[in-house]
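Participant: Requesting a structural model of the entry that follows:
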Amino acid sequence: MPDQLLDFVSRSTDVHFTPSARPRSPWRYAIYVCSVLALIVLPFFTASAQAEWPEHPITLIVPFAAGGPGDVVGRLLALELSKRLGQNIIVENHTGAVGDIGLGTAARAKPDGYTLVAISNVLVINPNVRKVPYDPVKSFAPIAYLGASPNAIITRPASGIENIADLVAKAKANPGKLTYATTGVGSVSHLAVELLKVRTNINMTHVPFTGAAPALQAAAAGTTDIASVSIGGVIGNIKAGTVKALVQTGSERWKDLADVPTMKEAGIPDAVIETWQMLLAPAGTPPAIVKRISDETRSVMQDPDVQAKMLKIGFRAGYAGPDELRARIAKELPMWKELVDRAGIKQH
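Facilitator: Residues are numbered from 1 along each chain as shown. As a prediction, this is how the structure comes out:
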């Protein structure tokens, strides 16, 4: 009987036993047979285990405060992905350090497909501004690009600044005296104004705040001359007339603000700058799981209802897969470094 078992194993695998190599003890026969059968059966169990993902709820880390545009995008994605994956996705807000705390938490998480992070392009900005607890390339497995939102540069209606040309003229006439509010040092809203300064050769004084709401209030009250904020958080104020938009920083006019020009239309070329969102997993997450999430995310981002909801908060929904997102991250790291260095933005 042992010889028959060994003959079966030999025919079923690449392992062959010559008569001289066959163990003489029945126990050794059993050990040989069990070892080889394990090699046959184990891959089937492994494939079955992967096919069962997800077996329990998934955590989606959002490194921003609840209620903000990035949080709303993350929660909308979590809701729609949970329907497609058949498993709950729990959103956790890990705030602080312009996203670095949440990114650091995600980078240290187990790469098993049960921890994801929805983050903006601070991923490629922050490492150029200060020391961060992650590597933007090595710490994460890119999953999908989700869409982008431009910033609006606003002022109070009675400021006497009618358009971007007026702003540039006043800044040149009063170097360093005009002030601008942003959502924080090194944020996209900050860098949008820094890019404007570089392109127009003007100097203004930065007044950083901890979010869009206080920056908006500063401009509306005249505490600062202008503010740079995400377009989704200021559309209502512009329409209500409490603030006036001078320009928006996207590549095309925003649907609900058709009379607000782009930087290019305002005579400032090469000044497109947007906040874009992406979905990542910890590095080492199985490729099959990354592909599954990415495929389902594409379905979410192509849903007309999701696209409409994204527009309401100032985002144009989009999709790009892991390879395209990886290439974009690698391309933008040096681009942001150049702007950060030219603007002299550094923290330790």
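Participant: got a list of what residue 222 touches?
Facilitator: The contact partners of residue 222, taken as CB atoms under 8 Å, 6 or more residues apart in numbering, are 156, 158-159. All C-beta atoms are positioned from the backbone trio N, CA, C, and that covers glycine.
Participant: Need the pLDDT of residue 103.
Facilitator: Here the pLDDT value assigned to residue 103 is 98.
Participant: what's the closest non-adjacent residue to it?
Facilitator: Distances taken as CB to CB, 6 or more residues apart in numbering put residue 134 closest to residue 103, at 5.2 Å, once the chain neighbours are dropped.
Participant: That neighbour and residue 332, how far apart?
Facilitator: Residue 134 is 16 Å from residue 332, where distance means CB to CB, to the nearest Å.
Participant: Looking at those two, which is more packed in?
Facilitator: Taking neighbours as other CB atoms under 10 Å, residue 134 and residue 332 compare with residue 134 leading, 21 against 16.
Participant: what helix or strand is that one on?
Facilitator: Under the criterion DSSP states H and E, no helix or strand holds residue 134.
Participant: For it, which residues are in contact?
Facilitator: Here residue 134 is in contact with 100, 103-104, 106-107, 140 (criterion: CB under 8 Å, 6+ apart).
Participant: Looking at these, which is nearest residue 89?
Facilitator: Closest approach between the contacts of residue 134 and residue 89, by CB to CB: residue 106, at 14.1 Å.
Participant: okay, how far is it across stretch 307-322, tip to tip?
Facilitator: 21 Å (CA to CA, to the nearest Å).
Participant: Show me which residues of it are buried.
Facilitator: 307, 309-311, 313-322 (16 or more other CB atoms under 10 Å).
Participant: Could you pick out which of these are located in strands?
Facilitator: The members of the buried residues of stretch 307-322 that map onto strands under DSSP state E are 316-320.
Participant: Can you give the contact residues for stretch 328-348?
Facilitator: With CB under 8 Å, 6+ apart as the criterion, stretch 328-348 contacts 121, 123-125, 127-131, 136-137, 142, 145, 185-186, 190-191, 194-195, 197-198, 320.
Participant: In a markdown table: the ones in strands among the buried residues of stretch 307-322, plus pLDDT and distance to residue 221.
Facilitator: A markdown table is the format used below for those (pLDDT from 0 to 100; distance: CB to CB, whole Å):
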| residue | pLDDT | distance to residue 221 |
| --- | --- | --- |
| 316 | 93 | 30 |
| 317 | 95 | 33 |
| 318 | 95 | 35 |
| 319 | 97 | 39 |
| 320 | 97 | 40 |
